[in-house]
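S.K.: would you be able to build a 3D model of this:
(one chain, ligands or ions: 1)
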Amino acid sequence: MLEQLELLLRLQEIDLTLSELESDEERLPDEMSELEEEKERARADVAEREQGLEEGRKRRQHLERDLEDQTVRLNDLKAKQLMIKTNEEYAALSHEITFADNEIASTEDAILELMEDLERQTSALAAAKEAAASETAEVERKVGELKAEFTRLIDALAVKRDERVRVAMHVDKVTLARYERILASKGDCAVVSVEGGACRGCYVTLPPQAIIEVKRSDRLIQCDGCGRILYWRLERDDG
Ligand SMILES: [Zn+2]
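M.R.: Residues are numbered from 1 along each chain as shown. As a prediction, the model looks like this:
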């Protein structure tokens with residue numbers, strides 16, 4: 001095979017590896033920040049529950065104070081009732097007492113309901129804290145692994161880039177430019193084999209003359225369909 005073609009195939013293999021490594025290089029930081037976001041969500045959930053609980057406790061204190069005031073008022077009304085002279089006054093006061101009684105009953109109900117609610121919130125908070133703690137530990141473990149992977153990746157990229165430079169310097173400038181132009185426009189590969197008499201890149205059937213020239217391999221042949229550089233795989237006898 002033409003030496004230049006062999007070099008291009010090696011270059012292409014390196015470029016393929018490089019593009020995989022580069023996509024990992026982009027992906028890993030995203031994965032890490034997604035993990036950090038998970039951790040942050042768990043933390044925010046705990047904070048929100050803590051705040052809800054704190055507000056509930058304040059509301060309970062408020063209700064307890066209301067209850068005290070209402071009880072004082074009721075006792076005042078009852079004391080007044082003992083000193084009443086007329087039936088009209090007595091009736092009016094009875095009405096006020098009934099109202100105060102109802103008020104106390106509904107405050108007590110509200111306190112009870114709130115206490116049950118606070119109990120539920122307290123156990124939910126404990127569960128959320130536990131979940132956040134294990135989430136945090138898990139995220140930190142994964143982030144640690146990703147960081148190590150990223151470091152290995154950066155090293156591997158440096159090695160491959162260096163290897164590419166060393167291979168590329170043996171390819172003549174015009175051929176290298178052609179290869180890079182094709183690779184950039186196709187996105188996947190620039191050098192493809194001939195299989196079943198067709199270009200492996202675009203699957204267009206090649207004219208017999210082109211196949212003969214590819215087999216002969218004394219100059220670079222490009223596919224008429226897609227422009228990729230063609231090569232003949234010696235181990236295959238089709239085409
Ligand atoms: Zn083609």
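S.K.: quick one: the helices in the protein?
M.R.: For the chain, the helices defined by DSSP state H occupy 3-82, 87-168, 173-186, 208-216.
S.K.: just want the angle from the last one to helix 3-82.
M.R.: For helix 208-216 and helix 3-82, the angle between their directions (axes from the mean of the first three to the mean of the last three C-alpha atoms, to 10 degrees) works out to 90 degrees.
S.K.: so for this protein, the centremost residue is which one?
M.R.: In the chain, the residue lying closest to the centroid (C-alpha atoms, centre = their mean) is residue 34, at 3.7 Å.
S.K.: from residue 174, how far off is residue 227?
M.R.: Residue 227 sits 15 Å away from residue 174, going by C-beta to C-beta, to the nearest Å. (C-beta placed from N, C-alpha, C; glycine too.)
S.K.: any idea of the pLDDT on the residue lying farthest from the centre of the chain?
M.R.: In the chain, counting by C-alpha atoms, centre = their mean, residue 85 sits farthest out from the average C-alpha position, at 77.6 Å. Looking at residue 85, its pLDDT reads 88.
S.K.: and for residue 228?
M.R.: Model confidence at residue 228, given as pLDDT, is 97.
S.K.: tell me the contacts of the nearest residue to it once chain neighbours are set aside?
M.R.: Nearest residue to residue 228, sequence neighbours excluded (C-beta to C-beta, 6 or more residues apart in numbering): residue 201, at 4.2 Å. Residues near residue 201 by C-beta atoms under 8 Å, 6 or more residues apart in numbering: 186, 188-189, 192, 223, 225-226, 228.
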